[in-house]
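K.L.:
Sequence below, structure please.
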Amino acid sequence: MKGNWLLLIGAYFSAVFYSTAFCVVTLHVDPESHYLEGGKEGTLEIWLEGVQNSEEVFEFTINVSTNNEDVFEITDKVLVVGSIKSKVPYTTHKAGNALISFEQVSGHHDNADNGTIVSDVGDVYAHIYVIRSQPLNVFNIIVGWIYFTAWSMSFYPQLYENITRRSVVGLNFDFLSFNMLGYIVYSIFNVGLYWIPKVQDEYRDEHPGQLIPVKLNDVFFSLHGGLLTAITIGTCFIYERGNQSVSWICRVSISIGLTYILTLAIISSTDKFPNCTWWHFVSWISYIKLIVTVVKYCPQAYMNYSRQSTTGWSIGNVLLDLTGGICSLLQAFLIAYNSDDWPSLIANPVKFGLGILTIIFDAVFMVQHYILYADAHYSKSGRFLSGGGSKKGYKKIHDSEKGSSENSNFFRT
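P.N.:
I've put the predicted structure just below:
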């Protein structure tokens with residue numbers, strides 16, 4: 001019994017000694033990111049948390065990396081006393097981006113031979129974006145909200161058309177299936193990076209100094225898009241759909257995609273492969289979204305061509321999608337100009353190219369709807385009756401396209 005008490009007492013004093021001598025001290029900086037015009041002055045606040053001795057003095061070296069010359073000017077060292085905030089002034093010059101990092105030089109006080117080591121200093125950064133014009137930056141934010149709203153609302157016209165027509169004849173099921181897969185993986189990517197600490201930590205380990213590239217509106221957009229796509233698919237089970245079905249090419253493609261996702265998830269869950277973490281998982285499956293964006297419009301465009309009509313395919317969806325795409329590219333150009341960071345415009349050429357490709361497909365759909373097949377006719381019930389392959393007159397279509405209820409299984413072979 002006496003031995004147990006001695007062990008408890010020893011453990012207590014060991015804990016006290018550890019918390020005093022090996023306390024966790026962390027560095028903080030505010031703001032972590034800031035936009036400021038050239039020729040202005042700003043201030044960084046730097047402080048420590050967890051310091052045991054309020055008189056201890058810490059010295060840090062300030063390192064600055066910029067994408068352009070003469071962007072930013074700041075002192076190369078700062079002293080922090082205890083937990084007191086230290087203010088570090090800086091001056092901006094020309095447009096560009098500045099990444100500020102810190103390195104501990106020393107930590108010392110009168111009653112100790114060795115200074116306290118600040119934990120994870122290498123993970124603390126500040127981003128200063130020197131811009132040409134603050135009003136232009138505000139305009140960029142407005143443009144961003146415009147394309148966010150346009151893309152978010154683009155799901156509703158198709159759903160409204162399905163419900164009012166009580167028919168989905170003319171809406172390609174391959175498009176819906178590819179779109180659903182795309183929003184599933186996009187949601188996994190956004191939720192993982194925004195909400196899951198393990199994924200965030202792995203991202204920071206691989207991209208030191210970089211901000212998490214996912215915001216709350218990204219999470220909302222992907223989840224909202226997935227939900228509306230699922231509801232639209234649901235209307236295909238309850239409304240007139242003729243002899244339409246998901247093609248075997250689409251089924252095989254989606255099966256390959258799901259197998260790829262499941263395989264990566266199993267490998268990532270083992271934690272035995274350093275090059276296949278959960279961050280790598282959400283990153284790699286996000287490429288499925290890029291591939292889907294390339295292929296998903298093709299079946300719908302071909303279907304419109306085959307039927308010589310856009311009946312059943314909502315032009316409202318196309319117009320809102322086009323608005324979002326144009327505003328997205330406009331914002332990218334304005335950001336590159338405002339921060340004099342043109343390489344950022346092509347830093348992700350795949351994503352930039354897909355944005356342009358989306359606009360091209362939207363243009364194709366508009367030409368089909370307003371020019372090539374503008375004289376398409378259909379009954380009030382929503383059943384396709386006739387279409388205009390030429391400017392003069394109409395042509396009768398095959399009975400199989402009139403929305404007959406026979407053989408209308410959604411997953412027909």
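K.L.:
Can you list the residue ranges for helices in this structure?
P.N.:
Remark: helices of the chain, listed N- to C-terminal, are 2-21, 134-153, 156-165, 173-195, 197-206, 216-238, 248-269, 278-295, 297-307, 315-338, 349-367; assignment by DSSP state H.
K.L.:
What is the fifth one packed up against?
P.N.:
Contacts defined by 3 or more CB pairs under 8 Å, 6 or more residues apart in numbering; DSSP states H and E place helix 197-206 against helix 173-195, helix 278-295. Heads up, the C-betas are built off the backbone N, CA and C, glycines and all.
K.L.:
pretty sure Tyr194 contacts Leu216?
P.N.:
Yes - at 6.9 Å, Tyr194 counts as touching Leu216 under the criterion of CB atoms under 8 Å.
K.L.:
tell me the most buried of the helices and strands packed on helix 197-206?
P.N.:
Sort these by mean neighbour count, taking mean count of other CB atoms under 10 Å, and helix 173-195 sits at the top with a mean of 22.
K.L.:
name the helices or strands packed onto it?
P.N.:
Applying 3+ CB pairs under 8 Å, 6+ apart, one finds that helix 173-195 makes contact with helix 197-206, helix 216-238, helix 248-269, helix 278-295, helix 297-307.
K.L.:
Give me the angle between it and helix 297-307.
P.N.:
Angular relation of helix 173-195 and helix 297-307 on a 0 to 180 degree scale: 160 degrees, by axes from the mean of the first three to the mean of the last three CA atoms, to 10 degrees.
K.L.:
In stretch 119-135, which residues are buried?
P.N.:
Within stretch 119-135, the residues that count as buried by 16 or more other CB atoms under 10 Å are Val121, Val124, Tyr125, Ala126, His127, Ile128, Tyr129, Val130, Ile131.
K.L.:
Likewise for stretch 147-167?
P.N.:
Of the residues in stretch 147-167, 147-148, 150-155, 157-159, 161-162, 165, 167 count as buried by neighbour count, 16+ other CB under 10 Å.
K.L.:
Over to stretch 57-64?
P.N.:
Taking 16+ other CB under 10 Å as the criterion, stretch 57-64 shows Phe58, Phe60, Ile62, Val64 as buried.
K.L.:
can I get the helices and strands packed on helix 197-206 in CSV with mean pLDDT and distance to Phe352?
P.N.:
Converted to CSV, those look like this (pLDDT from 0 to 100; distance: least, CB to CB, whole Å):
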stretch, mean pLDDT, distance to Phe352
helix 173-195, 95, 17
helix 278-295, 90, 11
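K.L.:
Same list as before, these that is, but in a markdown table and with distance to His28 included.
P.N.:
Shown next, in a markdown table, are the helices and strands packed on helix 197-206 (distance: least, CB to CB, whole Å):
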| stretch | distance to His28 |
| --- | --- |
| helix 173-195 | 22 |
| helix 278-295 | 24 |
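K.L.:
rewinding a little: deepest of the helices of the chain, which one?
P.N.:
For those, the largest average neighbour count (mean count of other CB under 10 Å) is found in helix 173-195, namely a mean of 22.
K.L.:
Could you check how far Leu228 is from Ser133?
P.N.:
In this structure, Leu228 and Ser133 are separated by 37 Å, where distance is defined by CB to CB, to the nearest Å.
K.L.:
same question, Val292
P.N.:
37 Å.
K.L.:
can you check Glu41 too?
P.N.:
The spacing between Glu41 and Ser133, counted by CB to CB, is 17 Å.
K.L.:
packing partners for the lengthiest strand in the chain?
P.N.:
The strand spanning the most residues in the chain, taking DSSP state E as the definition, is strand 96-108. Contact partners of strand 96-108 among helices and strands, from 3+ CB pairs under 8 Å, 6+ apart: strand 25-30, strand 57-66, strand 72-74, strand 125-131.
K.L.:
Kindly recompute the last result at 6 Å.
P.N.:
The elements that strand 96-108 packs onto, with contact taken as 3 or more CB pairs under 6 Å, 6 or more residues apart in numbering; DSSP states H and E, are strand 57-66, strand 125-131.
K.L.:
What average pLDDT does that strand get?
P.N.:
In this model, strand 96-108 has an average pLDDT of 84.
K.L.:
Quick one: work out the angle between it and strand 25-30.
P.N.:
Comparing the axes of strand 96-108 and strand 25-30 via the same axes, to 10 degrees yields an angle of 150 degrees.
K.L.:
What strands line up against strand 96-108, and which way round?
P.N.:
Each strand that pairs with strand 96-108, with its direction, by DSSP bridges: strand 57-66 (antiparallel), strand 125-131 (antiparallel).
K.L.:
average pLDDT across the shortest one?
P.N.:
Across strand 125-131, the average pLDDT comes to 92.
K.L.:
Quick one: work out the angle between that strand and helix 197-206.
P.N.:
Angular relation of strand 125-131 and helix 197-206 on a 0 to 180 degree scale: 70 degrees, by the same axes, to 10 degrees.
K.L.:
Equivalent analysis for the longest one, please.
P.N.:
Our comparison of strand 57-66 with helix 197-206, counting by the same axes, to 10 degrees, yields an angle of 70 degrees.
K.L.:
Ala265 and Leu193, how far apart?
P.N.:
Following CB to CB, the distance that separates Ala265 from Leu193 is 16 Å.
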